[in-house]
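> Sequence first, predicted model second:
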Amino acid sequence: DVKVTQSSRYLVKRTGEKVFLECVQDMDHENMFWYRQDPGLGLRLIYFSYDVKMKEKGDIPEGYSVSREKKERFSLILESASTNQTSMYLCASRTFRTGGSYEQYFGPGTRLTVT
Amino acid sequence: TQLLEQSPQFLSIQEGENLTVYCNSSSVFSSLQWYRQEPGEGPVLLVTVVTGGEVKKLKRLTFQFGDARKDSSLHITAAQPGDTGLYLCAGANSPGLNNLFFGTGTRLTVIP
């Protein structure tokens, strides 16, 4: 069964703290993604990675960085957390299907609160 | 940024009723996906449609991709409380990875 896991379901951090969100997939997918989800704004792409040690900025990368040292693991880092980074963070991995379409699988999410 | 508009934003219906959710764009997509997200969980992929005019059925759920591949609909027959959740459509339109665009979702509540 396809599985994407995230290290924490709920996290509370203080402003200025460094925050690590970990994501692991067991499907041998090359492509992994980090999104944040906010009411009324939908899912917004923060960063993605198409291979080990490769990363690309998404639509809202400011204030975030990522690390992909192993194929199965993709980490999101908040260097200095701020209250406007309070959100639901979703990790996903993706595979390509025959015919050119995609199947994207999400983790359960981490609800981060920055106080 | 490709805009995918979903309607309605919120829908509350009685168990047993039928409903349709719409996903519209001015852009053409090579494929379109529907997800359901339950509270506190990540989205779960329901279906992928790739051909204009394609219709796919998943038990009581019927998905249709518009002929011009700019829109899609999700029809649920005889809704059940277990159908409650946030329904998201997502369209892909070009090679490359930063090409899957999500709608803002339709929040469905089915009242027993």
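Looks like it arrived, so ask away.
> so who does residue B:13 touch?
B:19, B:79, B:108-111 (C-beta atoms under 8 Å, 6 or more residues apart in numbering or on different chains). Quick note: C-beta positions are derived from backbone N, CA and C, even for glycine.
> what does chain A have sitting close to chain B?
A:4, A:9, A:31, A:33, A:40-43, A:45, A:48, A:50, A:56, A:58-59, A:90-92, A:94, A:97, A:99-109, A:111 (C-beta under 8 Å from any C-beta of the partner chain).
> and the helix or strand bottoming out on mean pLDDT in chain B, what other elements does it pack with?
When the helices and strands of chain B are compared on mean pLDDT, DSSP states H and E, strand B:100-102 comes out lowest with a mean of 86. Where contact means 3 or more C-beta pairs under 8 Å, 6 or more residues apart in numbering or on different chains; DSSP states H and E, strand B:100-102 is packed against strand B:85-92.
> which residues touch the strand it packs on?
Residues outside strand B:85-92 that contact it (C-beta under 8 Å, 6+ apart) are A:42-43, A:101-102, A:104, B:2, B:4, B:6, B:21, B:23, B:25, B:27, B:29-39, B:43, B:72, B:74, B:99-103, B:105-108.
> Give me the buried subset of those residues.
Buried subset of the contacts of strand B:85-92 (neighbour count, 16 or more other C-beta atoms under 10 Å in any protein chain shown): A:42-43, A:101-102, A:104, B:2, B:4, B:6, B:21, B:23, B:25, B:29-37, B:43, B:72, B:74, B:100-103, B:105-108.
> Okay, and which of those residues map to strands?
Using DSSP state E, the subset of these located in strands is A:42-43, A:102, A:104, B:6, B:21, B:23, B:31-37, B:72, B:74, B:100-102, B:106-108.
> still on that earlier bit, drop anything exposed from the residues of chain A next to chain B.
If we count by 16+ other C-beta under 10 Å, the residues of chain A next to chain B have these buried: A:4, A:31, A:33, A:42-43, A:45, A:48, A:50, A:58, A:90-92, A:94, A:101-109, A:111.
> of all the residues in chain B, which ones are close to chain A?
Counting by C-beta under 8 Å from any C-beta, chain B sits next to chain A at B:1, B:30-31, B:33, B:35, B:40-45, B:48, B:50, B:88, B:90, B:92, B:97-98, B:100, B:102-105.
> how does it look with 10 Å?
B:1, B:4, B:6, B:9, B:29-33, B:35, B:37-38, B:40-45, B:48-51, B:86, B:88, B:90, B:92, B:95-105, B:107 (C-beta under 10 Å from any C-beta of the partner chain).
> and residue B:57, what is it in contact with?
B:47, B:63-64, B:75, B:77 (C-beta atoms under 10 Å, 6 or more residues apart in numbering or on different chains).
> can you count the residues close to the residue nearest to residue A:64 when sequence neighbours are not counted?
Among residues not flanking residue A:64 along the chain, residue A:46 sits closest, at 5.2 Å (C-beta to C-beta, 6 or more residues apart in numbering or on different chains). Using other C-beta atoms under 10 Å in any protein chain shown, residue A:46 is surrounded by 23 other residues.
> any idea which helix or strand carries residue A:46?
strand A:42-49 (DSSP states H and E).
> Partner strands of the helix or strand bottoming out on mean pLDDT in chain A, with direction?
Here the helix or strand of chain A ranked lowest by mean pLDDT, DSSP H and E is strand A:102-106, holding a mean of 84. Here strand A:102-106 is paired, per DSSP bridges, with strand A:87-96 (antiparallel).
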